[in-house]
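J.: next come a sequence and a model predicted from it.
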Amino acid sequence: MARRGKKKSLFRRIRRILFLASAATAIVRFAMSRRPKTRPLDARPAEWAPLKATSVPAAATTARVAAADTPTLAPWVEPVDGVCPLTHPVKGNTNSGIYRVAGGRFYDATVPERCYRDTAAAEEDGMRASKR
């Protein structure tokens, strides 16, 4: 009879240890989810050295002047009061790395951190499309 009581107490001890371990794991996971997510320093874009000036033929200079007359849009802009401008309708979130297009399920609820001119610009910046 004495053996049977020892088995029960051993079982109870193991059960208590497992319960405490799972509770500690849950507390640590909750605390980690509440921490602000920061990007590592290695994720910064590379800084490029300035280019050296070279002589340019006259035909290339006139082509540059003509190209300068046509406006080019930046690949992404900062949102103004949480709203993307009409020229940059794709909403991007840098924390999750996801971009959303108009008509998507969560497009209206998304608060953008960057606004892209198109999906190609968002993908070049390292974003991926939302799954919904």
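T.: Now that the structure is in, tell me what you want to look at.
J.: what is the least confident helix or strand in this structure?
T.: Ranked by mean pLDDT, DSSP states H and E, the weakest helix or strand in the chain is helix 58-69, scoring a mean of 52.
J.: partner strands of the following helix or strand past it and their direction?
T.: With elements assigned by DSSP states H and E, the helix or strand that comes after helix 58-69 is strand 76-77. Strand 76-77 pairs in its sheet with strand 114-116 (antiparallel), by DSSP bridges.
J.: list phi and psi for the residue lying closest to Val111 once chain neighbours are set aside.
T.: Leaving aside its sequence neighbours, Val111 sits nearest to Gly82 (CB to CB, 6 or more residues apart in numbering; 5.2 Å). Using the backbone N, CA and C atoms, a C-beta is placed for each residue, glycine as well. Backbone dihedrals for Gly82, given as degrees, to the nearest 10, come out at phi 80, psi 10.
J.: count of residues packed around Thr119?
T.: 13 (other CB atoms under 10 Å).
J.: show me where the chain has strands.
T.: For the chain, applying DSSP state E gives strands covering 76-77, 90-93, 98-100, 114-116, 128-129.
J.: hmm, who's touching the longest one?
T.: In other words, strand 90-93. Residues external to strand 90-93 that are found in contact with it (CB atoms under 8 Å, 6 or more residues apart in numbering): 76, 79, 84, 98-102, 107, 110-119, 121-122, 125, 127.
J.: same question for the fourth one.
T.: Contact with strand 114-116 is made by 75-79, 84-85, 88-94, 99, 122, 125, 127, as judged by CB under 8 Å, 6+ apart.
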